[in-house]
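Next input, structure requested:
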Amino acid sequence: MFTDHHGLGFVGKPVAALARVRSFPRSGERSYHDFGVFRQSQAIQVPAKRSARCCAVFLLLVCFHIAAAETKISFRQITKTHPIAVQRGTKAKVKVHSNFPLAKAHSVFFVPAGVKMRYTEKKPAKVKWKDPAELDIGPGYQFEVTVPKKQIPGLYEYRIATQQSVSSVGQLFVTDHPVVIEAKRNNDTKEGAQTVKVPSAICGIIEKFEDVDHYRLRGRQGERWTIQIYAQRVTRAIHCMAIRYPKIHLMDSMLTLYGPNGDIVSENDNFIGGDSLLSCTLSESGQYTLAVRDLRFAGDPRYVYCVEVSRQPQVFGAFPMAVTAKRKATIRFIDSALASADAEYPIPLTQLTSLGWKRIVAPQGRVGAFPLLVSPHRQTAQVEHSDRKTARRLTLPVGVTGRFTKPGGQHTYRFQANKGHYYKFDIHSQRKGFALDSVITIFNSAGKQVQRADDGWFTKDAKCYFRAAKTGEYYVEVRDINRRAGRRFIYHLQAEPSGPDFELHGEFYFGMLSPGGGAIWFARIARLNGFQGPVEIRATNLPRGVTMTPVTIPAGMNHCGLIFSASPTAKINAALVKITGHATFTRPGSKKPVSIVRQAQVTCELRRAGASAFVRCPIRTQLLGVTRPLDLIGVSATPANLKLKRGGSAAIEVRIRRNPKYKDQVLLDTAFSFFSRKYGQQLPPGVSMSSSSQLKLTGDTLVGKIILQANASALPVKRQPIAAIARVPITYSIMTNYASNPIYLTVE
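Numbers count the residues shown, from 1 in each chain. Take a look at the predicted model:
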C-alpha cells in the first residue's frame with residue numbers, strides 16, 4: 001500500500017520569533033521532538049541603532065529554527081483510541097495513540113459536528129524518528145472529550161491537526177450509557193470477572209492472542225437484555241491494522257452470555273458485519289457472566305471495543321426507511337428485540353423540514369438512533385412477494401421501502417420509460433445497517449433481461465443507471481442475492497429519471513502546506529450516461545490564508561490537480577475542506593439547462609505489511625492544514641506558462657530548497673504514483689513525462705528537470721493548471737508530496 005502525504009513547506013517573510021534550539025541525535029536518529037516557537041507578543045524588541053547586528057543574529061536564529069524543525073515529516077497515523085466511547089452529556093479523558101507524535105495538537109475536528117476534544121498532555125514523551133513497524137501503535141497522548149447532552153448517539157469520525165502535521169482518521173463512539181473501563185487486573189476467567197452494572201457501556205481491549213474478557217452482571221428473571229459490541233465499526237478506518245498479515249485484520253467478535261448455573265444463555269458472532277449482538281429474556285435471577293473475545297482468539301492492543309448492555313431495546317432503523325418532507329408521517333421501529341412490529345410512532349414535523357438522510361434519536365423506552373431519509377418525493381412500501389404479473393406500477397420519481405419476510409422472495413415494480421432517456425435505481429440497505437445484499441434487474445415488456453446491477457461503491461447495495469432502448473413499459477426487480485429474508489432484510493429503493501451525470505472521486509484524504517507554500521490534491525470524475533461536458537472543481541471551507549487555483553476538468557479529460565497556496569503570513573491552522581464538482585448541461589427531451597453539484601467521495605488508505613496492497617475505506621473528512629516548515633523549505637518551477645505542441649516536448653525546471661538537516665533523496669513527478677500505478681493524475685491525455693527527465697535529487701543537487709512530451713493525438717487544453725511534485729520518502733510505503741507553484745499548460 002502506498003500512503004500519500006500532500007504538502008509543501010516554504011518560508012516567506014521571516015517570523016519575528018525566537019526558537020528554542022536543540023541539537024539532533026547522531027546521524028540516523030533524527031528527532032521528532034516539536035520545537036517551540038514563542039508567540040509574536042514574546043518577540044525580542046530590537047533598538048533601531050542595533051538593527052544591522054541583530055538582523056544577522058536573527059537570521060542565524062531563523063536558520064537554526066529551520067534546521068531544528070522536525071524532519072522526515074509524515075501525517076500522524078492514529079492507531080488507537082481508548083476508551084473508545086464517551087457518554088453523551090459528559091466529559092471524559094481519552095488517550096490517542098499515533099505512529100508519529102501528536103504533541104502540540106491545536107485542533108480536533110468531528111463529523112458529524114458537536115463533540116469537542118482538546119489536547120491536555122502536559123509533558124509528552126520525546127520520540128525519536130524511526131520507520132514504524134506494522135505492530136507499532138506509537139505513544140499515547142491525553143485528550144479531554146466533551147459530548148453535549150443532545151448529541152446524537154453513534155459513531156463519530158475525528159481528525160487531529162498539530163503545529164507540524166495533520167492526522168489520519170480516528171473514531172469515537174457516543175453512547176447513551178455510563179462508560180465503564182476494563183480494569184487493569186486479570187479478567188481472563190469467569191472467576192476473575194469484573195463486576196459491571198446494567199446499563200453500561202464497557203470499554204475494553206482484546207490486547208493479545210487468546211485473550212478473553214469477562215464481566216459479571218446481575219439480572220432479574222423476566223428482564224430483556226440487549227448486549228451489543230462495537231469493534232469492527234470503531235476500527236475499520238484505522239491505519240496499520242494488519243495484526244497477522246494478510247488474514248487477520250479487524251476484530252471478529254464473539255459475545256457469550258452465561259447464566260447463574262454456568263450454562264450458555266445466548267451467543268452470537270455476527271450481526272452487523274463482524275460485530276455481535278445478543279437479545280434475550282432472562283429465565284432466572286442471579287449473577288450472569290459475559291465473555292468477550294475474538295472468534296479466532298486473535299488479539300492486539302488496537303482491538304478496542306465498546307459493549308453496550310441495556311434493559312431497553314436498541315433501535316436499528318425504521319419501517320418505512322423514508323418519509324416525504326413536510327408531511328405527517330409515522331414509522332415502526334426495527335429494534336434489537338426483532339419481534340413483531342410495534343405500534344406506529346409519529347415523526348415530529350420539525351424533523352421533516354430539511355432533505356436528506358439523517359439520524360433520529362430513539363424516543364424514551366428505547367436507546368440509540370436510527371437512519372431516516374427525508375425526501376421531496378412520494379414514498380410507498382412493499383412487503384409482499386411480487387412478480388411481473390403482480391408488479392406494482394411506479395410513477396417516477398418515487399421512493400419504496402421494502403422488506404423480505406419469506407426466503408426466496410422478490411419485489412417487482414413496473415414503470416413507463418421513454419426512448420433514449422436515463423433512469424436511476426439506487427438501493428440503501430447495508431449502508432444503513434440492514435442485511436440485504438441487493439441485486440437490481442431490469443426487464444423489458446417481453447420479459448427479457450436488459451440490465452443487471454449488483455454491488456455499488458464500497459457497498460453491497462446495488463445502483464443501476466438504465467437507458468431505455470424504446471418507449472414502453474419496463475420492470476425492475478429487487479431481491480437478495482442469496483434469496484434470504486427476515487426483519488432486517490429491509491431496503492429503500494430510490495427510483496427517478498436521470499440523465500448525463502458524473503461522480504467525483506480522488507486523492508484528497510489529507511494535505512499540509514506551510515506559509516508561502518503550496519499543496520496538491522488530485523480529483524477524478526466518473527462520467528455517467530453519456531456525459532462529456534466540463535466539470536468545475538471547487539474547494540470550500542479552506543484553512544485561513546489558503547486559496548485554491550481555479551480548475552475545470554475539460555471535455556475529453558477525467559482528472560486534474562487541485563493546487564493550494566498559502567499566504568506567506570498564513571498562521572498555523574487547519575480545516576475540513578469540502579470538494580465539489582459543478583456542471584451545467586441539457587438533458588434529452590428538455591431545453592432547460594440543468595445544473596448539478598456532486599460531493600467528493602472520499603476514502604482513507606489502510607496500510608498493509610510490505611505495501612503489498614492499496615486498500616481503501618470510505619470516510620467523510622478531508623483535512624488540510626497550514627503547518628511549520630517541513631523537510632523541503634520550498635519548491636519552485638519555471639516557466640509558469642508552458643506551451644506544448646502535438647508531437648513535441650517542453651522542459652520544466654524544478655528547484656528545491658532543503659531543510660539543512662534533510663539530506664536524503666527527493667523524487668520529482670507529476671502524478672501520485674506507486675511503482676507503475678498512478679492513483680492521481682493531472683496531465684491531459686496524450687501528455688506524459690519523458691524518460692529523459694532528471695527526477696532524482698540527491699546530496700547537494702537542488703535542480704531537476706521534468707520533460708513533458710505530447711503524442712500526435714494529445715488532448716488540446718488551454719492554460720490547464722498543473723504543478724511539479726517533489727516527493728520525500730518517509731518509509732517504504734509512505735512519501736510526503738511537496739508541490740510547486742502552478743504551471744499553466746497549453747497543448748496546441
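
CA only for contacts and neighbour counts going forward, please
Will do.

what separates residue 141 from residue 116, distance-wise?
Distance, residue 141 to residue 116, using C-alpha to C-alpha, to the nearest Å: 16 Å.

Neighbour count: those two, which is higher?
Neighbours were counted for residue 141 and for residue 116 using other C-alpha atoms under 10 Å; residue 141 has more, 22 against 16.

Report the beta-bridge partners for the more buried one.
Beta bridges link residue 141 to residue 96, judged by DSSP bridges.

Hmm, residue 568 is touching residue 513, no?
No - contact criterion C-alpha atoms under 8 Å: residue 568 and residue 513 do not qualify, at 10.9 Å.

Mutual contacts of those two, please.
Shared contacts of residue 568 and residue 513 (C-alpha atoms under 8 Å, 6 or more residues apart in numbering): none.

So which of these two has more stuff around it?
Neighbour totals were compared for residue 568 and residue 513, and residue 513 leads with 31 against 18 (other C-alpha under 10 Å).

Kindly provide the distance from the residue lying closest to residue 529 once chain neighbours are set aside to residue 448.
Closest residue in space to residue 529, ignoring its immediate chain neighbours: residue 500 at 4.7 Å, by C-alpha to C-alpha, 6 or more residues apart in numbering. Applying C-alpha to C-alpha, the value for residue 500 to residue 448 is 25 Å.

One more: residue 473?
For residue 473, the distance to residue 448 (C-alpha to C-alpha) stands at 12 Å.

Tell me which of the two has more neighbours.
The neighbour count for residue 473 versus residue 448, taken as other C-alpha under 10 Å, is higher for residue 473 (16 against 11).

Pull out the buried positions in stretch 650-662.
651-656, 658-662 (16 or more other C-alpha atoms under 10 Å).

Wait, residue 202 touches residue 181, no?
Yes - with contact defined as C-alpha under 8 Å, residue 202 counts as touching residue 181 (5.8 Å).

Those two: who's more crowded?
residue 202 (24 against 18).

ok, that one - contacts?
Listed by C-alpha under 8 Å, 6+ apart, the contact partners of residue 202 are 179-182, 305-309.

and if we set it to 10 Å?
Residue 202 makes contacts with 83-85, 177-182, 196, 215, 229, 305-309, as judged by C-alpha atoms under 10 Å, 6 or more residues apart in numbering.

ok, residue 667 touching residue 701?
No - counting by C-alpha atoms under 10 Å, residue 667 does not reach residue 701; the two are 11.5 Å apart.

Among the buried residues of stretch 650-662, give me the pair with the biggest separation.
Across those, the longest distance by C-alpha to C-alpha is 29.7 Å; it joins 651 and 661.

Nearest residue to the residue positioned nearest the centre of the chain in space, ignoring adjacent ones along the chain?
Nearest to the mean C-alpha position of the chain, by C-alpha atoms, centre = their mean, lies residue 619 at 1.9 Å. The shortest distance from residue 619 to any residue other than its chain neighbours is 5.3 Å, reached at residue 603 (C-alpha to C-alpha, 6+ apart).

still on that earlier bit, please produce TSV containing the buried residues of stretch 650-662, extended by pLDDT.
Listed next are the buried residues of stretch 650-662 as TSV, based on pLDDT from 0 to 100:
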residue	pLDDT
651	97
652	98
653	98
654	97
655	96
656	94
658	89
659	84
660	85
661	80
662	85
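
could I get these as CSV with secondary structure and distance to residue 300?
As requested, the buried residues of stretch 650-662 are arranged in CSV below (DSSP: H, G, I helix; E, B strand; the rest coil; distance: C-alpha to C-alpha, whole Å):
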residue, secondary structure, distance to residue 300
651, strand, 51
652, strand, 49
653, strand, 48
654, strand, 45
655, strand, 45
656, strand, 42
658, strand, 39
659, coil, 38
660, coil, 39
661, coil, 36
662, coil, 35
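
Would you convert the residues you listed into TSV that also reports distance to residue 335?
Shown next, in TSV, are the buried residues of stretch 650-662 (distance: C-alpha to C-alpha, whole Å):
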residue	distance to residue 335
651	64
652	62
653	63
654	60
655	61
656	59
658	59
659	58
660	61
661	59
662	57
